[in-house]
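> Below is the sequence, then the predicted model.
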Amino acid sequence: MARVAAVFVAALALATAKLNTKVEPQSVELTGRVDIEAQHDLAVRIAKSYSGYKQVVDKIGVQQ
């Protein structure tokens, strides 16, 4: 799942985001903060596209 973190870094739309991933046997946990809801949605979509059968646990906060 290091691929998810690498894609986050490479995605220009997430350049200002502070995101972390934690991989468990059955899940991927996303934590951190983003500036806007669109960044949140993109991060979750990326994680789901790379997670395979694992559940994506979304704990990302959005700056308001």
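Done, it's in.
> which stretches of this structure have low pLDDT?
Judged by pLDDT under 70, the chain has its weakly predicted residues at 1-2, 9-10.
> ok, 50 please
Within the chain, no stretch has pLDDT under 50.
> And the residue nearest the centre of it, its phi and psi?
The chain has Ala43 as the residue nearest its centroid, 3.9 Å off, counting by CA atoms, centre = their mean. Backbone torsions for Ala43, taken as degrees, to the nearest 10, come to phi -60, psi -40.
> How about Ile36?
Main-chain dihedrals, Ile36, degrees, to the nearest 10: phi -140, psi 160.
> correct me, but Val56 touches Ser49?
No - contact criterion CB atoms under 8 Å: Val56 and Ser49 do not qualify, at 9.8 Å. C-betas here are computed from N, CA, C, even on glycine.
> Between these two, which has more neighbouring residues?
More crowded of Val56 and Ser49, by other CB atoms under 10 Å: Val56, with 19 against 11.
> OK, contacts around Val57?
By CB atoms under 8 Å, 6 or more residues apart in numbering, the contact set of Val57 is Ser27, Val28, Glu29, Leu30.
> Make a PyMOL selection of the buried ones in these.
In PyMOL, this line selects whichever of those come out buried by 16 or more other CB atoms under 10 Å:
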select buried, resi 28+29+30
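> Could I get the contacts of Val57 in JSON lines, plus columns for distance to Ala17?
JSON lines is the format used below for the contacts of Val57 (distance: CB to CB, whole Å):
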{"residue": "Ser27", "distance to Ala17": "20"}
{"residue": "Val28", "distance to Ala17": "16"}
{"residue": "Glu29", "distance to Ala17": "16"}
{"residue": "Leu30", "distance to Ala17": "10"}
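> Nearest to Leu14 among the contacts of Val57?
Closest approach to Leu14 among those (CB to CB): Leu30, at 11.5 Å.
> before we move on, which element is the closest one in?
Using DSSP states H and E, Leu30 falls within strand 27-34.
> Helix, strand, or coil at Pro6?
I think there's a mix-up here, since residue 6 is Ala and not Pro. Following DSSP: H, G, I helix; E, B strand; the rest coil, the label given to Ala6 is helix.
> pretty sure Tyr50 contacts Val4?
Yes - using CB under 8 Å, Tyr50 is in contact with Val4, at 4.8 Å.
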